[in-house]
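Trainee: after the sequence you'll find the predicted model.
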Amino acid sequence: MGVWPKIAIAIIVAEIIVSLFPQLFTKYSSTAIDLSNRLAPPSTQHILGTDSLGRDVFTRLLYAIRYSLAVAALSLAIAFSLGVVLGGLSAIAGGYIDSALSILFNTIYTIPGLFTAAAISIVVGPNVIGASIAIGLSLAPIFYRFSRSAAKEILTKPYIEAAKALGASTSWIITRYIVWELAKPLLTTSIYLLSDAIAFEASLSILGLGVQPPTPTLGNMIAEYREYIFTAPYLLLAPVTVIAITISSLNTLANKLLSNPIEVP
Amino acid sequence: MFWSLIANGVAKAFATLLIATALIYLIARLFPGDPITVLYGEQQPSEEVRKAIESRLGLDKPLYMQVLIYWKRIFTGDWGRSIFFAEPVTQVVFKSLLNSLKLSILATVITTLVCIALAYLSMARDIALLPTAISTLSSSMPTSVWGVTIMAVLALTKKPVGFGGIGLPLTTLVVAGTGVFYKILQSLLEKAYSEPFIGAYIALGMTRNRIFLKALRYVLPIYLTTVFYRAGLIIAGAMATEAIFAYPGMGLLLLQAFSSRDYPVLIGWAATVSIILATLNMVSDILHIYMDPRLRGSS
């Protein structure tokens, strides 16, 4: 393994630790307002300064990583469970089930993600759950198409036919062959989509359709600090850098997996 | 055989569109506040007026009838009037759509030209570091974050931020798109360079520039198809960027309609984007079948 994938893994592990225990790395609260200390520049007390309500930017950044990762993970889980399960079902069942599911996922793909997000933020509320549902629904068709075509391809392989000829049941073929052969490409796709989900969250928040303050996310920090580009432009640096580093790390990792096959038992 | 597949694709796209628009209508009915309250605001109409409007809009009919009426209105071009703009929805949406298309197409063309220049540097001039650095940097941030970053850079250098113009959203889309497009072009070119015909050209003593042109001509159709597959993403990215720079396109229209709860525009907007996405989806499926004859038998 080269040095870049190692750095990428280190960054992602660090972010996961931060998002599990953000309170270990700071003495401030992410939502405590201190109006006497608004927009303070970086100092030894507040290493990234304070925002327009006097909240510690570093603390908000730690919690933003937590909530952004939570949205990304939750939306990936929604997309994965919808797309992969139904994609596999489509490939194995074929016939009418396949046609019906294809039309269903084409429909989901056709309804614009921004409209879904707007609708969900009205109906469910602009919170972590709402944003995750919107992003998860937008990503689900990608998983569906991918696992459907991959499973179809596996089903035409000679060794599956051999197994069928030997009397293997459908459930045996699914659990012993399809799941194992899909595992690695699905892992790669998941990592790519995780970075897409983080990007999507940022876009939604910048448009004001994502998770609403005071809950910090990387996206709504950018949206908030955008107002102060003339008075405190350094504020933007922290969330933008974290997004860039996170997405680059995930992409590096996925590229590495793509070029370097892992042996599947 | 091929034509029946196309007919099948068109039928599927149409079915998708019908379901999608029905879902959009039903989602819109979930929004708090019924259309009449939204239409009248604080002054509530009398019971009789309300009844009259309800029957005119078809709101007194069962839900499935409302969906049927909505379908009929979509296809006859009667999309209602915008509450906010006091103009027919079709007109409002059409104006924004033209602006968005202009932005998306210009951005795609310019990004492709930039990527060809970068690929030329790496394939024909052996300068690999610069193109790789540019593409890595470009793909490290989503389009919207690039938009904010470019705005911050302009603010720091005390340059005016031209809101409403096409310049800044275009720059943002090109900067953010270069990474992905370059990776696609580069991997296609690398594949092309390993083909025997390039070896034959090298043996013939052709200059590297001409070989690059030959390889480019060979990969361009595949590149364009790949770009076409991503058209949905390009449009979505463009919409987020438009909204940041207040460019009067579909993205900004969605936000305005959303914040003023302009439901007719919101529904019209979603229907329009659905029609575009369904068409793109259908065309790219057909292109896929056209380019890969093996798929013609299986589905």
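Mentor: Happy to help now that I have it.
Trainee: got the residues of the stretch 101-250 of chain A near chain B?
Mentor: When proximity is defined as Cβ under 8 Å from any Cβ of the partner chain, the stretch 101-250 of chain A approaches chain B at A:102-104, A:106-107, A:109-116, A:118-119, A:122-123, A:152, A:198-200, A:202-203, A:206-209, A:222, A:226, A:229-230, A:233, A:236, A:240, A:243-245, A:247-248. No exception for glycine: its C-beta is placed from N, CA and C like everyone else's.
Trainee: one more time with 6 Å, if that's ok
Mentor: By the rule Cβ under 6 Å from any Cβ of the partner chain, the part of the stretch 101-250 of chain A lying against chain B is A:103, A:106-107, A:110-112, A:114-115, A:118-119, A:122-123, A:199, A:202-203, A:206-207, A:222, A:226, A:229-230, A:233, A:236, A:240, A:243-244, A:247-248.
Trainee: how about the helices in the chain?
Mentor: Because you didn't say which chain, this covers chain A. A:3-20, A:57-93, A:95-110, A:113-123, A:128-155, A:158-165, A:170-173, A:179-206, A:218-225, A:234-259 (DSSP state H).
Trainee: was after chain B, sorry
Mentor: Assigned by DSSP H, chain B shows helices spanning B:2-30, B:35-40, B:47-57, B:63-76, B:89-124, B:129-138, B:143-156, B:167-193, B:196-204, B:208-229, B:231-244, B:250-259, B:263-291, B:294-298.
Trainee: where among those is average confidence lowest?
Mentor: Lowest mean pLDDT within the helices of chain B: helix B:294-298, a mean of 58.
Trainee: surely A:A117 and A:G136 touch.
Mentor: No - taking contacts as Cβ atoms under 6 Å, A:A117 lies outside contact range of A:G136: 11.0 Å.
Trainee: overlap of the contact sets of those two?
Mentor: Common contacts of A:A117 and A:G136 (Cβ atoms under 6 Å, 6 or more residues apart in numbering or on different chains): none found.
Trainee: give me the residue from the stretch 101-250 of chain A nearest chain B.
Mentor: Closest approach between the stretch 101-250 of chain A and chain B, counting by Cβ to the nearest Cβ: A:A199, at 3.3 Å.
Trainee: how close does that residue sit to B:T178?
Mentor: Plainly put, A:A199 is 16 Å away from B:T178 if you go by Cβ to Cβ, to the nearest Å.
Trainee: which of the two has more neighbours?
Mentor: Comparing A:A199 with B:T178 by neighbour count (other Cβ atoms under 10 Å in any protein chain shown), the higher total belongs to A:A199, at 27 against 22.
Trainee: residue contacts, the more buried one?
Mentor: Going by Cβ under 6 Å, 6+ apart, A:A199 touches B:P142.
Trainee: then B:L185?
Mentor: For B:L185, the contacting residues are B:115, B:119, B:223, by Cβ under 6 Å, 6+ apart.
Trainee: of these, closest to A:A64?
Mentor: Taking Cβ to Cβ as the measure, B:C115 is the one of the contacts of B:L185 closest to A:A64, at 32.9 Å.
Trainee: right, and that closest one touches B:Y182 too?
Mentor: Yes - using Cβ under 6 Å, B:C115 is in contact with B:Y182, at 4.5 Å.
Trainee: ok, and the most crowded of the contacts of B:L185?
Mentor: Neighbour count (other Cβ under 10 Å) singles out B:C115 as the most crowded of the contacts of B:L185, with 25 neighbours.
Trainee: what does the stretch 51-200 of chain B put close to chain A?
Mentor: Of all the residues in the stretch 51-200 of chain B, those lying near chain A are B:140-142, B:144-145, B:148-149, B:152, B:155-156, going by Cβ under 6 Å from any Cβ.
Trainee: re earlier: from A:S248, how far off is the residue of the stretch 101-250 of chain A closest to chain B?
Mentor: Look at A:A199 and A:S248: by Cβ to Cβ, they are 12 Å apart.
Trainee: quick one: residues contacting the residue nearest in space to the middle of chain B.
Mentor: With distances taken as Cα atoms, centre = their mean, the residue of chain B nearest its centroid is B:I235 (2.0 Å). Contact analysis of B:I235 by Cβ under 6 Å, 6+ apart lists B:S104.
Trainee: go again using 8 Å as the cut-off
Mentor: Residues near B:I235 by Cβ atoms under 8 Å, 6 or more residues apart in numbering or on different chains: B:100, B:104, B:250, B:273, B:276.
Trainee: now swap in A:G49 and tell me
Mentor: By Cβ under 8 Å, 6+ apart, the contact list for A:G49 reads A:39-43, A:57, A:232, A:234-235.
Trainee: cutoff 7 Å now
Mentor: Shown in contact with A:G49 (Cβ atoms under 7 Å, 6 or more residues apart in numbering or on different chains): A:40-42, A:57, A:234-235.
Trainee: got it, and A:A197?
Mentor: A:A197 makes contact with A:71-72, A:75-76, A:135, A:139, according to Cβ under 7 Å, 6+ apart.
Trainee: cool, and B:S144?
Mentor: A:202-203, A:206, B:240-241, B:244.
Trainee: redo those residues as JSON lines? Include neighbour count and distance to A:I9.
Mentor: As requested, those are arranged in JSON lines below (neighbours: other Cβ atoms under 10 Å in any protein chain shown; distance: Cβ to Cβ, whole Å):
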{"residue": "A:A202", "neighbour count": "30", "distance to A:I9": "22"}
{"residue": "A:S203", "neighbour count": "30", "distance to A:I9": "26"}
{"residue": "A:I206", "neighbour count": "25", "distance to A:I9": "29"}
{"residue": "B:A240", "neighbour count": "29", "distance to A:I9": "30"}
{"residue": "B:T241", "neighbour count": "28", "distance to A:I9": "32"}
{"residue": "B:I244", "neighbour count": "26", "distance to A:I9": "33"}
